[in-house]
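# Structure, please.
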Amino acid sequence: MNIEREETGTLTATLKVKLAPADYTPGVEKALKEQRKNAVLPGFRPGQVPMTIIKKRVGRSLLINEVERLIDENLRNYLQENAIRVLGQPLPKPEANDTNNWDEPGELSFSYELGMAPSLEVKLDEKLGVEYPVVDVNDELVQREVADMQRRFGRVEDAEVSEDKDMLLGDMIELNADGTIKEGGIMHRATISLEFIADEGTRALLTGKAVNDEVTVDPHKVARDHDDLARMLGIDHDRVHQLEGNFLFRIVEIKRMVQVPVDQQLFDRVYGKDAVSDEASFRAKVKEGLEAMFRRDSDRIFKRLVVRKLQEQTPVELPDTFLKRWIAATSEKPITPNEVEEGYSGYSEGLKRQLLEDRIVEQYGLEAKGEELDAFAKRYIADQFMQYGMPAPEGEELQQFAARILGDREQLGRIRNSIVEQKLMTHFKALLSPKESKVSYEAFVNLARTV
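Sure, this is the predicted structure:
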């Protein structure tokens, strides 16, 4: 087999592949013999069907299969041996490949388009100037968490008159435009949490009501989104889009979460018996826990900020025309050129970000090693057993569990990504020496959404 490379652009090339009969004939003949050995046809003893009949029936398909196998194997080897980093995968050029005569094959010729990854050099130092965002855990945030704990460990009681944080259980009944009950309309038992109703007018309508009271509501204003409304009304998502008009909500029960007091009983339930002995220590521990929780989020945001800054400073060129064709050719569902164009900007930005991260991993030697993957899998297994109160396996048994996990391609990928993510984070902190920047909780949430 002969493979020639022809440069067609900065990041594109064509691979021209030629197969001589000597390349594919041995594999085809072997496959034909296997077919003959197993062939059963009327008038012939098993294994004695003439080869001419076998060739006529399956010769062409066996030839195509063998040629495809050879091309796939040799293209992969060629790319690896020549250190060519491709984006997507080689795409056959139909106009060049349709000239082959499969009925009387001789030398077979094929052409494949390549899109190649750009060469990148990334420099990590303090001059990058990316700050490390830290949530300012103030008294307001601590109080919000304490109040949540009070409710979490509280108890649910029946109430006579609804307040703005209560849960109302009742019947949602579809109405006609004139306010009468719609015959054959939707009628479903639902729960409405007043605390989570965004529309203030609707929340006010449902506040101060008693059991058996009836309130006319806009169903879209008592649910968080369409999925929530579908569950509330017992219908599928598509039908939600067809809903028009109001519903009658007939209150059947009013439930109220009664908070527990901030006392020793709460301290013990949250942190264990006598771990905390007074409210000041309790609030200090709550603050410490919040800071640790937000610190994990700070790591993720900082990493994204670093990569975004690197993207701004490191122009990444892509073979756009090739990639658009590749997207269209490999899409699971038919996709129009306009749809490719509409989605390409987001796709290309994600690809550039991934290429930068991959280059950092390669340049600084941050890839997950075999022993790290093995150790991670074993820790994961031990944690799973501990979670269910069971003793973790040891020795050979533990190694067998780990081997099964690492033998699963999907789980192996997740483990590898977790290890690399942690290495990137540690490396960024060490090389960039970021200055901490305190931000409000609201600004922190907005930052997390936008980077």
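
# tell me, how many neighbours does the closest residue to L141 other than its chain neighbours end up with?
In space, not counting the residues next to it along the chain, L141 is nearest to Y441; the distance is 5.7 Å by CB to CB, 6 or more residues apart in numbering. For glycine as for every other residue, the C-beta is placed from the backbone atoms N, C-alpha and C. The tally of other residues near Y441 (other CB atoms under 10 Å) stands at 16.

# and Y441, how far is that from L398?
From Y441 across to L398, the span is 42 Å (CB to CB, to the nearest Å).

# same check, this time on D274
From D274 across to L398, the span is 36 Å (CB to CB).

# Quickly note the distance from P319 to E410.
When distance is defined by CB to CB, P319 is 29 Å away from E410.

# So D274 and L398 - more neighbours on which side?
Neighbour tally, D274 and L398, criterion other CB under 10 Å: the higher count belongs to L398, 16 against 9.

# Could you pull up phi and psi at E367?
Listed backbone geometry of E367 is phi -60, psi 150, with angles given as degrees, to the nearest 10.

# okay but it is in contact with D358, surely?
No - because the distance of 9.6 Å does not satisfy CB atoms under 8 Å, E367 is recorded as not touching D358.

# average model confidence for stretch 358-376?
When the per-residue pLDDT values of stretch 358-376 are averaged, the result is 94.

# What residues sit buried inside it?
Taking 16 or more other CB atoms under 10 Å as the basis for neighbour counts, the residues of stretch 358-376 that come out buried are 359-361, 366, 368, 372-374, 376.

# And the contacts of that stretch?
When contacts are taken as CB atoms under 8 Å, 6 or more residues apart in numbering, the neighbours of stretch 358-376 outside the stretch itself are 120-122, 124, 310, 402, 406, 412, 415-416, 418-420, 423-424, 427.

# Give the buried residues for the longest helix seen in the chain.
Across the chain, the longest stretch assigned as helix under DSSP state H is helix 279-313. With burial defined by 16+ other CB under 10 Å, the residues of helix 279-313 counted as buried are 282-283, 285-287, 290, 294, 297-299, 301-307, 310.

# For the stretch 251-400 of the chain, which segments are assigned as helices?
Listed from the start of the chain, the stretch 251-400 of the chain has helices (DSSP state H, counting those that start in this stretch) covering 264-271, 279-313, 320-330, 337-363, 370-387, 395-406.

# Same question for the stretch 101-250 of the chain.
Defined through DSSP H, counting those that start in this stretch, the helices belonging to the stretch 101-250 of the chain, from first to last, are 139-152, 200-206, 226-233, 237-240.

# so how far is the shortest one from its chain's centroid?
I take that to be helix 237-240. Mean-position distance between helix 237-240 and its chain equals 25 Å (CA atoms, centre = their mean, to the nearest Å).

# Which residues in that helix does the neighbour count mark as buried?
V240.

# how about the contacts of stretch 358-376, which pair is most distant?
For those, with distances taken as CB to CB, the pair at the greatest spread is E121 and A402 (36.7 Å).
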